[in-house]
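Trainee: Based on what follows, work out the 3D shape:
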Amino acid sequence: MPNTADDLVLAGRALARHGLVDAFGHVSARTDDGSWAITPPVPLARATAGAVRTLDLTTPDLAPGVPREAWIHREIAAARPDVGAVCRAQPPTATALAGAGVPIRPLHGQGAFLGPQVAVHDDPRLVRDRAAAARLAATLGAGSAVLMRGNGAVTVGADVSEAIARMWVLERSALMNATAAASGTPIPLDDDEQDAWRAVAPELLHRIWLYLKEEES
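Mentor: Residues are numbered from 1 along each chain as shown. Just a heads-up that it's a prediction; the model follows:
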């Protein structure tokens, strides 16, 4: 778990630096041995590698020392074997647009990394049990991001780099959508344009992660 724990700590610091988490938020990732690790229930800017916890996907209850919303990570991991990391954060503009009923669509290339339109889970309550987490995982479906009305967002990826980069892209895309809606009529990328950008998503998401991570080195 050492390398995974270090990545989770760097991810938490990057999220905090960019205003995507405050007192709350957590990140989890699949480890080399196939288990899962998750950040502790503290402000992510203060998390340390030694405080990273193992997230057991098989127990009937959550273990002490993991966030109470770790059910989100467990249910997404169970529903999506392709997912290797989950990020739970509170991107302010994206959360505001979800509350206003304004869709987030790809107005620029990187926005296509989130799909044709970011799904919105229409339940603002904390996700602190298996059933609520399963409903959220169902709203996410095969997507890479889901907004939670009044309660932030979740992004996923093959690894920490993709999940964190997508959260950063989500907030950037939300800002672009908000600006475009206030200025005129937003024009999303068409299907072919989105497909072209998604074809290079792994490369560019990793590049974003390097940018975010190197700020914390």
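Trainee: Tell me which residue is most central in the chain.
Mentor: What sits nearest the mean C-alpha location of the chain, by C-alpha atoms, centre = their mean, is residue 155, with 2.4 Å.
Trainee: Might you list the low-confidence residue ranges for the protein?
Mentor: Counting by pLDDT under 70, the ranges of the chain that qualify are 1-2, 216-217.
Trainee: Give me the helices and strands touching the longest helix anywhere in the chain, please.
Mentor: In the chain, taking DSSP state H as the definition, the longest helix is helix 160-183. In terms of contacts (3 or more C-beta pairs under 8 Å, 6 or more residues apart in numbering; DSSP states H and E), helix 160-183 is packed against helix 2-17, strand 26-30, strand 85-89, helix 92-100, strand 145-148, strand 153-157, helix 201-216. In short, each C-beta sits where N, CA and C put it, glycine included.
Trainee: Next, the buried residues of the third one.
Mentor: In this case it means strand 85-89. 85-89 (16 or more other C-beta atoms under 10 Å).
Trainee: Nearest to residue 64 among these?
Mentor: residue 88 (19.1 Å; C-beta to C-beta).
Trainee: so what's residue 19 up against?
Mentor: residue 92 (C-beta atoms under 8 Å, 6 or more residues apart in numbering).
Trainee: Work out for me the element it sits within.
Mentor: Using DSSP states H and E, residue 19 maps to neither a helix nor a strand.
Trainee: Quick check: phi and psi on it?
Mentor: phi 70, psi 20 (degrees, to the nearest 10).
Trainee: Could you identify which of the helices and strands packed on helix 160-183 is most buried?
Mentor: strand 85-89 (a mean of 30; mean count of other C-beta atoms under 10 Å).
Trainee: what is the orientation angle of it with helix 92-100?
Mentor: Going by axes from the mean of the first three to the mean of the last three C-alpha atoms, to 10 degrees, strand 85-89 is angled at 80 degrees with respect to helix 92-100.
Trainee: Which other helices and strands does strand 85-89 contact?
Mentor: helix 2-17, strand 26-30, helix 70-79, strand 153-157, helix 160-183.
Trainee: try 7 Å this time
Mentor: strand 26-30, helix 70-79, strand 153-157, helix 160-183 (3 or more C-beta pairs under 7 Å, 6 or more residues apart in numbering; DSSP states H and E).
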